[in-house]
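Chemist: mind looking at a prediction? Sequence and model below.
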2 protein chains.
Amino acid sequence: MEEQNKKILLVEDDPNFGTVLKDYLMMNDYDVVHAKNGMEGFEKFKKDDYDLCILDVMMPYKDGFTLAKEIREKNTEVPIIFLTAKAMKEDVLKGYKVGADDYLNKPFDSEVLLMKIKAIMQRKATDTVADSKQFEFKIGRFDLNSKLRFLKFDGGEPTKLSPKENELLRLLALHENDLMPRELALTKIWRDDNYFTSRSMDVYIAKLRKYLKPDTNVEILNIHGEGFRLVVNNQ
Amino acid sequence: MEEQNKKILLVEDDPNFGTVLKDYLMMNDYDVVHAKNGMEGFEKFKKDDYDLCILDVMMPYKDGFTLAKEIREKNTEVPIIFLTAKAMKEDVLKGYKVGADDYLNKPFDSEVLLMKIKAIMQRKATDTVADSKQFEFKIGRFDLNSKLRFLKFDGGEPTKLSPKENELLRLLALHENDLMPRELALTKIWRDDNYFTSRSMDVYIAKLRKYLKPDTNVEILNIHGEGFRLVVNNQ
DNA sequence: TCTAATGTTAACGTTTGGTTAAACCTAATT
DNA sequence: AATTAGGTTTAACCAAACGTTAACATTAGA
């Protein structure tokens, strides 16, 4: 079977730089769609599936961060790389809680970009192929359907789960009987790691514990300073 | 089994440009029929089945939008790509709610066109092969005939459905007991995804729920932020 | 014993969905 | 040309769902 080229959405308003970059990427066997501004970028994003988005931050009408946020609403998985100005400080970037996979200061070495792209694709290949298909879990006497977002106890009436409840429980289930690091949930689900999101996560842990109460053999344990552990006592 | 070439209807009044484009597409293994104006385009469209239509917007006698509308009346599925003048604004295009799959500004990069075509064909290939032939559904005690657009309860008098009601219920039925994503309905039926079409869809969901009331085992559930689910409780 | 981490509940603001009715549009009819 | 009817969209209002934050309580571990 023929390997399909990876598809990249490149949003860059500088026509010269954009074209050069596009050509360079295409020379390296990527399919590249080039949008000239944030608006157009979002339109193109909606029209197709991409393996990676490369967004310039400084753009007229709609900056890269705003665009990234819109993209995230549609798709929580697709990797995003920001092209930023040299001057921008780390903390400014962190302020925009978007969940980028990488930042790159302009001007940058195209070799570096290529390596980053490869690394990101690799990462995605290993951690989503196996994961993404897993939507159903048996947790003690519960059945979690993560696609339809419900939790059934003993095959009875399903309880609806909110998106966050669902993702958190799914992540715990993926690590059943093992440590699910706090940080993992925060970066994967909240896409940010600070005091407040951490507290928010605790709130969701409390909610999940309530849901799981009916089965006394199932519990969510805390590992102080590390994370949580979904334990299922067999028998 | 021999793979059949995809068939493209190209409607373009500029003879030079049209011929060049036709040749280019044929070189890339598409079967292309070239019509020189809207009138002729519609004649050819009626005479055959096409996998894609590429329509120039600016044409004498019958412009591309008008032609597209006529095509849509005959066929709600076939993808349409418009070739537009550079000057045309997004919102002008949006005004013509025809349901295009893409727009392309002239002059354009032929590579881009080719990629768009591939993407569109791909999309169609994955989501209609199995679906498109199914027009009759049993939904609990209801029978939906999607071709004739009626809904029968217990084999009694059929209720007539409007086109939108019909397509929406059909799409739900195709995903019975599974998630039918909001976005899917919006892009497939409304061919646009914005606040208002989304609200319009909600209105139709309400209408369908009313129709389905007689059978208490049938319901349309909402999955917050995701879409809807047509559930049939067996027994 | 003292501090940082966690548990829990409730309040709040925001987004999304449910529903109804009016406005709008188009094609057919008068 | 005006009217009507069917279909669809838009508007408005309300309710439900969600996520975050604050506040206070409890616990773990240095």
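Modeler: That came through, no problem. Numbers count the residues shown, from 1 in each chain, chains lettered A, B, ... in the order given.
Chemist: okay, CA-based contacts and neighbour counts for the rest of this
Modeler: Noted.
Chemist: how about the residues of chain A near chain B?
Modeler: By C-alpha under 8 Å from any C-alpha of the partner chain, the residues of chain A that approach chain B are A:33, A:48, A:147, A:148, A:149, A:162.
Chemist: show me where chain A has strands.
Modeler: Using DSSP state E, the strands found in chain A span residues A:6-11, A:30-35, A:52-56, A:80-85, A:102-106, A:136-139, A:142-145, A:150-153, A:159-160, A:179-181, A:218-223, A:227-232.
Chemist: and for whichever residue of chain A sits closest to DNA strand C, the neighbour number?
Modeler: Among all residues of chain A, residue A:225 sits closest to DNA strand C, at 3.5 Å; criterion: C-alpha to the nearest atom of the strand. Residue A:225 has 8 neighbours, counted by other C-alpha atoms under 10 Å in any protein chain shown.
Chemist: residue A:118 - how many residues pack around it?
Modeler: Residues lying near residue A:118 (other C-alpha under 10 Å) number 12.
Chemist: about what we covered before: so for the residues of chain A next to chain B, which is the shakiest by pLDDT?
Modeler: Within the set of the residues of chain A next to chain B, pLDDT is lowest for residue A:48 (81).
Chemist: please give me every residue in contact with the nearest residue to residue A:142 once chain neighbours are set aside.
Modeler: Once flanking residues are discounted, residue A:142 sits nearest to residue A:153: 4.6 Å by C-alpha to C-alpha, 6 or more residues apart in numbering or on different chains. For residue A:153, the contact set (C-alpha atoms under 8 Å, 6 or more residues apart in numbering or on different chains) comprises A:141, A:142, A:143, A:214.
Chemist: what's the distance between residue A:234 and residue A:216?
Modeler: As judged by C-alpha to C-alpha, to the nearest Å, residue A:234 and residue A:216 stand 11 Å apart.
Chemist: these two: which has the busier surroundings?
Modeler: When residue A:234 and residue A:216 are compared for neighbours, residue A:216 comes out ahead with 11 against 7, by other C-alpha under 10 Å.
Chemist: hang on, the earlier thing: for the residue nearest to residue A:142, give me the pLDDT.
Modeler: 94.
Chemist: ok, residue A:51 next?
Modeler: Residue A:51 is assigned a pLDDT of 87 by the prediction.
Chemist: how close does the closest residue to it other than its chain neighbours sit to chain B?
Modeler: Leaving aside its sequence neighbours, residue A:51 sits nearest to residue A:7 (C-alpha to C-alpha, 6+ apart; 5.2 Å). As judged by C-alpha to the nearest C-alpha, to the nearest Å, residue A:7 and chain B stand 11 Å apart.
Chemist: contacting residues for residue A:7?
Modeler: When contacts are counted by C-alpha under 8 Å, 6+ apart, residue A:7 is found next to A:30, A:31, A:32, A:33, A:49, A:50, A:51, A:52.
Chemist: list the contacts for the second one?
Modeler: Put plainly, it is residue A:31. Applying C-alpha under 8 Å, 6+ apart, we find residue A:31 in contact with A:5, A:6, A:7, A:8, A:25.
Chemist: the same query, at a cut-off of 7 Å, please.
Modeler: For residue A:31, the contact set (C-alpha atoms under 7 Å, 6 or more residues apart in numbering or on different chains) comprises A:5, A:6, A:7, A:8.
Chemist: over to the fourth one?
Modeler: When the contact criterion is C-alpha under 7 Å, 6+ apart, the partners of residue A:33 are A:8, A:9, A:10.
Chemist: measure the second one to residue B:220 for me?
Modeler: To residue B:220, residue A:9 is 36 Å away according to C-alpha to C-alpha.
Chemist: compare those two (neighbour count), which wins?
Modeler: More crowded of residue A:9 and residue B:220, by other C-alpha under 10 Å: residue A:9, with 24 against 19.
Chemist: okay, domains of chain A per the record?
Modeler: A:6-129, A:136-232 (automatic domain parsing).
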